[in-house]
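Asks: From the sequence below, what's the structure:
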Amino acid sequence: MDEITRFRLVSIGGTPITLGGVLAALLMIVAAVVLARIVRHALERLRGRAGLNVGSIYIVEKVVSYGLILAGVFAALSTLGLNLTSFAVFAGAIGVGVGLGLQGVVREFVSGLVLILDRQINVGDFIELEGGARGLIREVSPRATRIRNNDGVDIILPNSKLIDNQVTNWTLRGETRRIHVPFSVGYGCDKSVVRETVLGAARAVPFTLPDTESRRTQVWLTGFGDSAMNFELVVWPTLDAVKRPAAMQAAYLWAIDDALRVAEVEIPFPQLDLRLRSLFGHEGDDALAALGMERQPHAAARPGRSRNDAAETLETEDPENAPEAAGPS
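Replies: Residues are numbered from 1 along each chain as shown. From the prediction side, this is the model:
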């Protein structure tokens, strides 16, 4: 048995590499990998407990895992009897050549370390990318970051993209954010009634945070549209609700619509008034005649329009009794 383990496989720099040394080195590397996985799984379970800082534990998990594997590799090289000083020079020379071909992989690995240590983007944060994709950061691996959106779809993004491009972190340091929910009501509605009705509806939504000096639920009049007054509900939801923006927006809109209907506040529909001034060079009665139509002498004036405007209202005659349209000469 001793003769087998002492069997010389090769010599590197005058140092004999034996079969026993290779087996011992492989055993050390396997032990380091297994130990790294055990530590990682233990820290993952620790991260699942409530009240713990997920970002800090994730950093410890990655650093310890990488450190154990790296230590196992160096221990294996020492077991083989290699001079690590000379090996470092040799590895540096090889690394230059390999680095030219693997510079993308090295870049992503370094970017991953920067993301882990910088802590501006942490596991568990809800982020939005430049293209509009949004989701929860689930993992920062050596090459890419895994982001899961609210549809259960995983987005695999290279680590460098999170460093080079603009990223919106909606939940940085565990803080919530203010959202704006637009809605409209008809002209003539009492603005005070609208404000109190919508405020009551928003506060009844279970994930609305209570008012404080710095964070208050408000209703703003933001402008006047073609057929409605435009408002915005400005509200602070809980952190969990912020991570589900589409569902949160739908819940507030649903509550606003129900409250306005109960309060009998008009929710307007878009409308368009069309006045025909001329047709193929004809105006007035001549234009109506060209369409097979005639002026209605008793057209009722609608609220908000003058008597002269109401007199210009056009109504199509019964097609069976309408005279044949006279085309242009």
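Asks: Show the residue spans covered by the strands in the stretch 151-300 of the chain.
Replies: Ranges of strands in the stretch 151-300 of the chain, per DSSP state E, counting those that start in this stretch, are 154-158, 168-169, 179-185, 218-224, 229-235, 278-279, 282-283.
Asks: which one of those has the most crowded surroundings?
Replies: strand 229-235 (a mean of 19; mean count of other C-beta atoms under 10 Å). For every residue, glycine as well, the C-beta is placed using N, CA and C.
Asks: got the end-to-end distance for stretch 219-230?
Replies: 11 Å (C-alpha to C-alpha, to the nearest Å).
Asks: Among the strands of the stretch 151-300 of the chain, which one carries the weakest average confidence?
Replies: Ranked by mean pLDDT, these bottom out at strand 278-279, with a mean of 58.
Asks: So which elements touch the helix or strand S65 falls within?
Replies: Applying DSSP states H and E as the criterion places S65 in helix 54-79. Using 3 or more C-beta pairs under 8 Å, 6 or more residues apart in numbering; DSSP states H and E, the elements in contact with helix 54-79 are helix 19-47, helix 84-101, helix 103-118.
Asks: after the shortest one, next one along is what?
Replies: The helix or strand immediately downstream of helix 103-118 is strand 126-128, counting by DSSP H and E.
Asks: So which residues make contact with stretch 199-215?
Replies: 176, 178, 217-219, 233, 235-238, 240-241, 248, 251-252, 255-256, 258-259 (C-beta atoms under 8 Å, 6 or more residues apart in numbering).
Asks: So what are the structural domains in the protein, by residue number?
Replies: Residue ranges for the domains of the chain, per automatic domain parsing: 2-101, 126-173, 176-262, 273-329.
Asks: Among the helices and strands packed on helix 54-79, show the one with the smallest mean pLDDT.
Replies: helix 84-101 (a mean of 58).
Asks: ok, L80 touching L23?
Replies: No - taking contacts as C-beta atoms under 8 Å, L80 lies outside contact range of L23: 10.4 Å.
Asks: Neighbours of E213, how many?
Replies: 5 (other C-beta atoms under 10 Å).
Asks: which non-adjacent residue is nearest A133?
Replies: Spatial nearest neighbour of A133, excluding adjacent residues (C-beta to C-beta, 6 or more residues apart in numbering): I155 at 5.9 Å.
Asks: Next, the contact list for the one you found, please.
Replies: 133, 135, 146-149 are the contacts of I155 under C-beta under 8 Å, 6+ apart.
Asks: if you set the cut-off to 10 Å instead, what comes out?
Replies: 129, 133-135, 137-138, 144-149 (C-beta atoms under 10 Å, 6 or more residues apart in numbering).
Asks: Is it possible to get CSV of those that adds distance to F269?
Replies: Putting the contacts of I155 into CSV (distance: C-beta to C-beta, whole Å) gives the following:
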residue, distance to F269
L129, 36
A133, 34
R134, 32
G135, 36
I137, 42
R138, 43
A144, 48
T145, 45
R146, 45
I147, 39
R148, 39
N149, 34
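Asks: Would you mind writing the PyMOL command to select the buried ones in these?
Replies: Applying 16 or more other C-beta atoms under 10 Å to the contacts of I155, the buried members can be selected in PyMOL as follows:
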select buried, resi 129+134+135+137+144+145+146+147
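Asks: Pick out the most distant pair among the contacts of I155.
Replies: R134 and A144 (17.4 Å; C-beta to C-beta).
Asks: what comes up buried for stretch 23-37?
Replies: 24-25, 28-29, 32, 35-36.
Asks: Looking at those residues, which is nearest V265?
Replies: For the buried residues of stretch 23-37, the nearest to V265 is A36 (62.1 Å; C-beta to C-beta).
Asks: The closest one and V73 touch, don't they?
Replies: No - A36 lies out of contact with V73 (C-beta atoms under 10 Å); the separation is 11.4 Å.
Asks: Tell me which residues touch G152, please.
Replies: Counting by C-beta under 10 Å, 6+ apart, G152 has contacts G135.
Asks: Tell me where the model's unsure across the stretch 201-329 of the chain.
Replies: Within the stretch 201-329 of the chain, the segments meeting pLDDT under 70 span 271-288, 290-329.
Asks: and with 50 instead?
Replies: 298-329 (pLDDT under 50).
Asks: circling back: the residue nearest to A133 and V110: what is the separation?
Replies: 21 Å (C-beta to C-beta, to the nearest Å).
Asks: burial measure for the closest residue to F269 other than its chain neighbours, as a count.
Replies: The shortest distance from F269 to any non-neighbouring residue, by C-beta to C-beta, 6+ apart, is to S227 (7.5 Å). Neighbour count of S227, defined by other C-beta under 10 Å: 13.
Asks: My guess is S227 contacts G188. True?
Replies: No - with contact defined as C-beta under 10 Å, S227 does not count as touching G188 (11.5 Å).
Asks: picking up where we left off before, weed out the non-buried ones from the contacts of stretch 199-215.
Replies: Buried among those (16+ other C-beta under 10 Å): 176, 217, 219, 233, 235-237, 241, 248, 251-252, 255-256, 259.
Asks: would a markdown table of those with distance to L199 be doable?
Replies: Formatted as a markdown table, the buried ones among the contacts of stretch 199-215 follow (distance: C-beta to C-beta, whole Å):
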| residue | distance to L199 |
| --- | --- |
| T176 | 19 |
| T217 | 6 |
| V219 | 6 |
| L233 | 8 |
| V235 | 9 |
| W236 | 13 |
| P237 | 15 |
| A241 | 18 |
| M248 | 17 |
| A251 | 16 |
| Y252 | 12 |
| A255 | 11 |
| I256 | 10 |
| A259 | 9 |
